[in-house]
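**Q** next comes the sequence, and after it the predicted model I'd like to discuss.
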Amino acid sequence: MDFGNDLDFLDQPEFGEPDFFTKAPIELMGPTLGLDIHQNEADFEEADINEDIGEIKSEGFCFKLAPDECPSEFARSLKHLGPKLADFKHGTTTLAFEYQDGIIVAVDARATQGAFIASNKVRKVIEINEYLLGTMAGGAADCQFWERYLAMQCRIYELRNSEKISIAAASKILADICYSYRGYGLSMGTMVAGSDLKKGAQLFYVDNDATRVRGQLFSVGSGSPFAYGVLDTNYKWDLTTEEAIALGIRAISSATHKDSASGGVVRVYHVNNQGGWTKIHDQLDVNEDHYKFENSKGLRGDGKEGFGKLKL
Amino acid sequence: MLDPTPKTAKDHPEISGGSTIGIKYDKGVLLAADTHLMYAGCYWYKDAQRIHKVADNCVIASSGDYADLQMLLKKLKDKNDYDIIAEDGHQHYEPKDYCKWLANVHFNKRMRVDPYYNSHIVAGVDSKSGDKFLGTVDVHGNNFEGNYVLTGIANYFCNAILDGNVTDDLTLEGARELMTKCFTVLYYKDKSQGDKIQYVTIDTDSNVNFEDPVTLESKWDYHFTKHLTNDHTRDVRFKN
Amino acid sequence: MSKMDFHAKLAGNIFKIDNDDTEKAPAMERGFNPYVTNEGTVAAVAGKDFCKVVGDTRCSLGYTILSRDLSKITKLTDKVVVATAGMRADAIALHKVLLTRIKTYKAKFHKYPDIDVIARMLGNTLYGRRFFPYYTFNLLCGINSEGEGAIYGYDAVGSYDRVNCGAMGSGSELIVPILDNQIKDHNVLEPEAPSDTEIVENVLRDSMHAAAERDIYTGDGLEMFTIDKDGIRFEKEPLRRD
């Protein structure tokens, strides 16, 4: 008969000893970095949910779950439980497209928490390793953590197989992670861009529903419709690298102009077909970009060009 | 086999006590609590002890769920017994440790979203250094020390009375006077507060003194309680 | 709840397309809310070879002040402190975890970890509670292995970035604009780290006084930690007590 109260810990002989409680949070609540414990394939295949303690062990980490509550339900109720608690950093425009000479990845740099601009200089391109880039949209922590984890897995693959991991495999690792955490409230929309010597530069879109799509042109985030508008109009396969970079900047600047959750600076990366990437622009102020584009069209850029000419 | 009854946690205290207050005075610590327990808005038990001795030099006063408190007291007693059974000539658990321990228990239970609905005042004297200790622990496991600490609704009513008046050279009589003032206010304003108050002192020589409960002097036949306030103002208005 | 039941419940949630979650009260809200905010404000500025951190000492619960003298800043090593606003009980637990892990690191590698190492560790610790987050907003402040001031700012689930200056907690919306204006040089892409401790100290002190003036969860006392090559210095002064 279950009496409804989980008081098992009271019966343990070490209960009440000074180190019992100081020990408990560390084991239960932090990711255990003991990778050796969970390195067999079975652990990797399926997440091991321990309901008694309320934790999930997978990928070599141990995640504390809210006890006796469906995790996705708990994640949804977080915003009711504590003010600002679920205001993880959000809001983005990111884009990437393949063209004849590789891939251009361009992102904005704004992070918002509610209506507050938490930062205008976030790094939304995550340099996974010397031939892989990931972009960050959705929950900043989710993207940062799992792409960091992806970097680790790629390195382990290299050591085991003494060859670089293919971009398809790398993106699939990320998609598999997303699949195993489906329903837990992860929020990530990421593009994995990379380059290997066999197939050249490739671009994959992976999101928190474990969608994984190979494609030529993607844009993710709240500003993506605006970016798509510019991209689809001007995109050609035969773009030169200069043109492609300019297109990336243009698309991001337009998106930041119209989408208030995007902004800050533009960062542009180029992934070449020879198995590597280069950082083209680290910080380009979108405000300056805006005026530059408008002026190049012969406009002032204040959006009121025609007002003086109106005759009623 | 699926368990048809889902595990549920208690979501509010059932039989519970009201506010408790602790004050440091020059030669010790004074604790006070009323002796009433509430159940469903009624005074259910009128002479329950809500201040308990957990060790020779440590006393706790608790507001909140009484069943949870009894559970905790059992555990505290066991803990103290281990300390005695060890017979190594040391007292391992000082009031500070009990306070931290209670906080850890509360935090642990809170992590299970099945908390002990108590907030405690832990008072005592360090057996080695002789320092006074006065700390508090709440449902979530937050704990801190202070010259005076309050639990329950006293946080709203008695901060103003005690703030600035609890000094290093406060005598026991002064402390008791302040305490009486606090509980009088609480008795007038808080429906869950009774008028039988138990004082407990623990002085720097580790003498714990549980006094018999005293009844607060209260006066209810003030003019404003006998006459409806509205009537009174109406009279004034019509007179002028 | 058995494992099968759990998965059934999980599956039910995946296939239920319900974006309008504001309508019905979530299950957790009916019972005990494990989260409570004790807020407060912490702010920090990194200089060329130093780092200054301030925090208030108020601990409130709703509209009551529980304590007027509760430090929000914990010293982790001789070069690093962590400043935490948010829920006190979670913050205490988090600091305890951090201290223990640093101790473990010391035992393993015979040296204290640098700030970038601790930053990653704190990020992982917070992310380990992704599905039951610590209700804490952290600033990790100190000097790095090159002797430069370094600050890492976090959100509740462990996304972090190195910043020149930052503020966390209930007064952060008030303080961040001041710091943007006075320290970061607004709209400058490559800001210069300030080298004058006096200016930094005054800006931080003034902004905390400003926050105490306008934010109900900030006040009572001001702690200022200065971290430089000589170690950690600590000063305390009063703030508004209303």
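**A** Good, I have the coordinates.

**Q** so where is the chain shaky, pLDDT-wise?
**A** You didn't say which chain, so I picked chain A. Chain A contains residues with pLDDT under 70 at A:1-60, A:67-72, A:86-89, A:308-312.

**Q** not quite, go with chain C.
**A** Scanning chain C for pLDDT under 70 picks out C:1-30, C:184-191.

**Q** tell me where it has helices.
**A** C:3-15, C:27-30, C:88-109, C:115-127, C:172-179, C:197-214 (DSSP state H).

**Q** who's in contact with C:Ser71?
**A** C:55, C:57, C:223 (C-beta atoms under 8 Å, 6 or more residues apart in numbering or on different chains). Just so you know, the C-beta spots here come from the backbone N, C-alpha and C atoms, and that holds for glycine as well.

**Q** kindly apply the preceding question to B:Ser192 instead.
**A** For B:Ser192, counting by C-beta under 8 Å, 6+ apart, the contacting residues are B:16, B:18, B:36, B:38, B:153.

**Q** who wins for neighbours among those residues?
**A** Greatest neighbour count in the contacts of B:Ser192, by other C-beta atoms under 10 Å in any protein chain shown, goes to B:Gly18: 24 neighbours.

**Q** quick one: that one and B:Tyr187 touch, right?
**A** No - assessed by C-beta atoms under 8 Å, B:Gly18 is found out of contact with B:Tyr187, at 9.7 Å.

**Q** hey, what's in contact with both of these two?
**A** B:193-194.

**Q** what residues of stretch B:61-76 count as buried?
**A** The neighbour-count check on stretch B:61-76 (16 or more other C-beta atoms under 10 Å in any protein chain shown) flags B:61-69, B:71-72, B:75-76 as buried.

**Q** from the residues you listed, which are also near chain A?
**A** B:Lys75 (C-beta under 8 Å from any C-beta of the partner chain).

**Q** would you turn the buried residues of stretch B:61-76 into CSV with pLDDT and secondary structure?
**A** Shown next, in CSV, are these (pLDDT from 0 to 100; DSSP: H, G, I helix; E, B strand; the rest coil):
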residue, pLDDT, secondary structure
B:Ala61, 96, strand
B:Ser62, 95, strand
B:Ser63, 94, strand
B:Gly64, 93, strand
B:Asp65, 93, strand
B:Tyr66, 93, helix
B:Ala67, 93, helix
B:Asp68, 93, helix
B:Leu69, 94, helix
B:Met71, 93, helix
B:Leu72, 94, helix
B:Lys75, 91, helix
B:Leu76, 91, helix
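
**Q** pick out the most distant pair among the buried residues of stretch B:61-76.
**A** Using C-beta to C-beta, the buried residues of stretch B:61-76 span at most 18.3 Å, a distance reached by B:Ser63 and B:Lys75.

**Q** in chain B, where is pLDDT below threshold?
**A** Using pLDDT under 70, the flagged stretches of chain B are B:1-8, B:224-240.

**Q** export the helices of chain C to TSV and tack on mean neighbour count and distance to B:Met111?
**A** Output for the helices of chain C, formatted as TSV (neighbours: other C-beta atoms under 10 Å in any protein chain shown; distance: least, C-beta to C-beta, whole Å):
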stretch	mean neighbour count	distance to B:Met111
helix C:3-15	13	19
helix C:27-30	14	14
helix C:88-109	19	9
helix C:115-127	22	15
helix C:172-179	21	27
helix C:197-214	18	31
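
**Q** got those helices as TSV, with distance to chain B columns?
**A** Compiled in TSV, those are given as follows (distance: least, C-beta to the nearest C-beta, whole Å):
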stretch	distance to chain B
helix C:3-15	6
helix C:27-30	7
helix C:88-109	4
helix C:115-127	15
helix C:172-179	21
helix C:197-214	17
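
**Q** identify whichever of those lies nearest to A:Gly264.
**A** Judging the helices of chain C by C-beta to C-beta, what sits closest to A:Gly264 is helix C:172-179, at 14.5 Å.

**Q** for the lengthiest strand in chain A, which strands pair with it and how are they oriented?
**A** Ordering each strand of chain A by length in residues (DSSP state E) puts strand A:276-285 first. The strands beside strand A:276-285 in its sheet (DSSP bridges) come out as strand A:265-272 (antiparallel).

**Q** and A:Gln216, backbone torsions?
**A** Dihedral pair for A:Gln216: phi -100, psi -30, per degrees, to the nearest 10.

**Q** that one contacts A:Leu203, doesn't it?
**A** Yes - between A:Gln216 and A:Leu203 there is a contact under C-beta under 8 Å: 7.0 Å.

**Q** who has more neighbours, the two?
**A** Using other C-beta under 10 Å, the more surrounded residue of A:Gln216 and A:Leu203 is A:Leu203, with 26 against 12.

**Q** what bridges to the more buried one?
**A** Under the criterion used (DSSP bridges), A:Leu203 bridges to A:Ala193.

**Q** quick one: contacts for it?
**A** A:96-98, A:103, A:191-193, A:214-216, A:218.

**Q** try A:Leu299
**A** A:Glu305.

**Q** using the three-state scheme, assign it.
**A** Put simply, A:Leu299 is coil when judged by DSSP: H, G, I helix; E, B strand; the rest coil.

**Q** burial count for A:Glu243?
**A** Quick note: A:Glu243 (other C-beta under 10 Å) scores 14 neighbours.

**Q** surely it is in a helix?
**A** Yes - applying three-state DSSP, one finds A:Glu243 inside a helix.

**Q** distance of the residue nearest the centre of chain C from B:Asn159?
**A** Chain C has C:Asn138 as the residue nearest its centroid, 1.8 Å off, counting by C-alpha atoms, centre = their mean. Look at C:Asn138 and B:Asn159: by C-beta to C-beta, to the nearest Å, they are 29 Å apart.

**Q** and if you look at B:Asp169?
**A** B:Asp169 is 21 Å from B:Asn159, by C-beta to C-beta.

**Q** cool, A:Arg300 as well?
**A** A:Arg300 sits at a distance of 60 Å from B:Asn159 (criterion: C-beta to C-beta).

**Q** neighbour count for the two, which is higher?
**A** Neighbour tally, A:Arg300 and B:Asn159, criterion other C-beta under 10 Å: the higher count belongs to B:Asn159, 16 against 10.

**Q** wait, that one sits on C:Thr64?
**A** Yes - contact status for B:Asn159 versus C:Thr64: in contact at 7.1 Å, counting by C-beta under 8 Å.

**Q** for the closest residue to A:Gly138 other than its chain neighbours, give me its contacts.
**A** What sits nearest to A:Gly138 in space, not counting adjacent residues and going by C-beta to C-beta, 6 or more residues apart in numbering or on different chains, is A:Ser187, at 4.0 Å. Each residue near A:Ser187 by C-beta under 8 Å, 6+ apart is listed here: A:88, A:138-139, A:142, A:208.

**Q** element containing the spatially closest residue to B:Asp56 that is not a sequence neighbour?
**A** With C-beta to C-beta, 6+ apart as the criterion, B:Asp56 has its nearest non-adjacent residue at 6.2 Å, and that residue is B:Ser206. Using DSSP states H and E, B:Ser206 sits in no helix or strand.

**Q** what number of residues lie near C:Ala193?
**A** C:Ala193 is flanked by 19 other residues according to other C-beta under 10 Å.

**Q** what distance do you get for the nearest residue to it once chain neighbours are set aside to chain A?
**A** Nearest residue to C:Ala193, sequence neighbours excluded (C-beta to C-beta, 6+ apart): C:Lys48, at 4.9 Å. According to C-beta to the nearest C-beta, to the nearest Å, C:Lys48 stands 19 Å off from chain A.

**Q** assess the claim that A:Asp108 and A:Ile252 are in contact.
**A** Yes - at 5.5 Å, A:Asp108 counts as touching A:Ile252 under the criterion of C-beta under 8 Å.
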